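# Quick one: sequence plus predicted model below, questions after.
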Amino acid sequence: MNSRYEVVIGLEVHVQLTTKTKIFCGCSPGFGQSPNSQTCPVCLGLPGALPVLNRQVVEDAIKAGLATNCQIAPRSIFARKNYFYPDLPKGYQISQFELPICEHGWLDIETEESGEKRIGITRIHMEEDAGKLLHNDDNSSSVDLNRACTPLLEVVSEPDMRSSDEAIAYLKQLHQIVVYLGVCDGNLEEGSFRCDANVSVRPWGQKELGTRAELKNLNSFRFIKQAIEYEVERQIDIIDDGGEVVQETRLFDPDAGVSRSMRSKEEAHDYRYFPDPDLLPLQVADEWVERVRNGLPELPLDKISRYQNDLGLPAYNAGVLAAERPVAEYFEALVALHNNPKICSNWVMGEVLGALKEKGLKIAECPVSPELLAGILKRIDDNTISGKIAKTVFEEVWQTGKTADQVIEEKGLKQVTDTGAIEAIVDEVIAANPGQVAEYRGGKEKLMGFFVGQVMKASKGKANPGMANQLLKKKLAE
């Protein structure tokens, strides 16, 4: 934290929706297709082609608004945002201005430096995306209009953030929410979730905001943090040198770690907004809002709280398991089959997520279903196998898709729980290690781990560890 200046940050986040068709036409918004192959007269802006609003876009906007504590407007209006750029085929962008669909929301964040804090959300509005300029090796440029008319939500925060850490905490929570809702795939590299950051500084105690610079189209949490921190230092250096910060749009170069001026920053009046004459005002009935509200999934923070309060999980475990909705659903399916939340959480976080990370797979691709994993955990509970053998069983189930019972039977992995058999092994281990026995009896109790290990080794991992421990303590005390 700078001792003389306060940082002020507001964020504008563009959330690309996962609808099957674009916002005003029937074209697919899918990523990665050949240039200009997903276009029609509407998204190309050809004369006489009229837009038709996609109802699913409105529903997704309502979902996002409710999940971020916004008020849903019963009446909103689409506007034309007029500017000229090669990737904007109509010469204007259909957006919302004076009457957006969602307003006055908030998200609560937490950082180490500032603790818990509420960040205001000014508005969420619907709009269409522009196309994309492709810069070629021969110094020419091409335009790909596949992205034109792709449905977006723009989420505009209040200037409530005071550090890059707060900005990242807000962005990560917003990202998690829209992915949980299923309205966005959250892919930052493909631009499905991208951010513009408005950054300014002011002397501590000053109420008036400083002159802001807008950092454009940031699509990585790491780059957003770097860009904000660079911009803060840049502005402080200018002010300390007696200069004035210019209101402008800047692009961040992640390779060089610097931002560069792109253009002067426009104000709302520069865009000459006016209501779009081709689209009627949008009416959203209370019944529609309530239906959407009743269909919302349990959101991450609520899920974390329930995992801690109802299932007794530590905060860390709850946070990991609730971070992604498919992981949470896998965990909850497992708990429904094997009612021991702590054991279930340990196995999902350890074996399941570890194996998925190693193989580069998502939870939906996990070959060990909750049903198969529950079968392994039940055999630990009834002492058929030990926890160590269970990991071997897990690997075999992963590879073959067989049940725990099939693997245990075929591989002969059933745990030895016969007291006589284990006692015989314990006697052999004690007889084979007189030096360690003497040291243990002389007070070196840490050697108990060595003896248990020797028993497990001699039994090829099949001896019940608890029984082995008890018998060893009894024998070594004699």
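Structure's in. What do you need?
# my guess is residue 473 is in a helix, correct?
Yes: Residue 473: assigned to a helix according to DSSP: H, G, I helix; E, B strand; the rest coil.
# who's in contact with the residue lying closest to residue 348 once chain neighbours are set aside?
With CB to CB, 6 or more residues apart in numbering as the criterion, residue 348 has its nearest non-adjacent residue at 5.0 Å, and that residue is residue 331. Where C-beta positions appear, they are placed from N, C-alpha and C, glycine not excepted. Residue 331 makes contacts with 321, 344, 345, 348, as judged by CB atoms under 8 Å, 6 or more residues apart in numbering.
# secondary structure element for the second one?
This means residue 344. For residue 344, the host element (DSSP states H and E) is helix 341-347.
# gap between whichever helix or strand comes after that helix and the chain center?
In the C-terminal direction, the helix or strand that comes right after helix 341-347 (DSSP H and E) is helix 353-359. Distance, stretch centre to chain centre, for helix 353-359: 17 Å (CA atoms, centre = their mean, to the nearest Å).
# Give the next helix or strand downstream of helix 353-359.
Helix 353-359 is succeeded, C-terminally, by helix 370-381 (DSSP H and E).
# Surely residue 244 touches residue 238?
Yes: assessed by CB atoms under 8 Å, residue 244 is found in contact with residue 238 at 7.2 Å.
# The two - which one has more neighbours?
residue 238 (15 against 8; other CB atoms under 10 Å).
# Any buried residues in the strand or helix carrying the more buried one, and which?
Using DSSP H and E, residue 238 sits within helix 221-240. For helix 221-240, burial by neighbour count (16 or more other CB atoms under 10 Å) applies to 221, 223-232, 234-236, 239.
# Equivalent analysis for stretch 21-39, please.
Buried residues in stretch 21-39 (16+ other CB under 10 Å): 21, 22, 23, 24, 25, 27, 29, 38, 39.
# can I get these in CSV with secondary structure, pLDDT and distance to residue 355?
Formatted as CSV, the buried residues of stretch 21-39 follow (DSSP: H, G, I helix; E, B strand; the rest coil; pLDDT from 0 to 100; distance: CB to CB, whole Å):
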residue, secondary structure, pLDDT, distance to residue 355
21, coil, 98, 38
22, coil, 98, 39
23, coil, 98, 40
24, coil, 98, 44
25, coil, 97, 43
27, coil, 97, 40
29, coil, 95, 34
38, coil, 96, 37
39, coil, 96, 43
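# out of these, who's nearest residue 315?
Taking CB to CB as the measure, residue 315 lies nearest residue 29 of the buried residues of stretch 21-39, at 38.2 Å.
# Name all residues that make contact with that closest one.
16, 17, 19, 21, 22, 38, 147, 149, 150, 151.
# Now do stretch 264-278: everything it contacts.
50-51, 77-83, 94, 97-98, 212-214, 246-249, 281.
# Mind doing that once more with 7 Å?
Outside stretch 264-278, the residues that touch it by CB atoms under 7 Å, 6 or more residues apart in numbering are 50-51, 77-83, 94, 97, 214, 247-249.
# which among these end up buried?
51, 77, 78, 79, 80, 81, 94, 97, 214, 249.
# so the first one touches residue 43, yeah?
No: in this structure, residue 51 sits apart from residue 43 without contact. The criterion is CB atoms under 7 Å, and the distance is 9.0 Å.
# Turn the buried ones among the contacts of stretch 264-278 into TSV, columns for pLDDT.
What follows is those, written out as TSV (pLDDT from 0 to 100):
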residue	pLDDT
51	97
77	97
78	98
79	97
80	96
81	95
94	97
97	95
214	94
249	92
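# and which of those residues is nearest to residue 295?
Nearest to residue 295 among the buried ones among the contacts of stretch 264-278, with distances taken as CB to CB, is residue 78, at 25.1 Å.
# Any idea what that closest one is bridged to?
residue 96 (DSSP bridges).
# Can you say which helix or strand has the residue nearest the centre of the chain in it?
Nearest to the centroid of the C-alpha atoms of the chain, with distances taken as CA atoms, centre = their mean, sits residue 176, at 4.1 Å. In the assignment (DSSP H and E), residue 176 maps to helix 164-181.
# So what's the gap between that helix and the chain middle?
7 Å.
# Hmm, residue 469 is touching residue 455, no?
No: the criterion here is CB under 7 Å, and residue 469 misses it with residue 455 at 8.7 Å.
# Show me which of these two is the more surrounded one.
Between residue 469 and residue 455, residue 455 has the larger neighbour count (other CB under 10 Å), namely 23 against 17.
# List the buried residues for stretch 443-457?
For stretch 443-457, by 16+ other CB under 10 Å, it's 447, 451, 452, 454, 455, 456.
# Include secondary structure when you put these into JSON lines, please.
JSON lines is the format used below for those (three-state DSSP):
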{"residue": "447", "secondary structure": "helix"}
{"residue": "451", "secondary structure": "helix"}
{"residue": "452", "secondary structure": "helix"}
{"residue": "454", "secondary structure": "helix"}
{"residue": "455", "secondary structure": "helix"}
{"residue": "456", "secondary structure": "helix"}
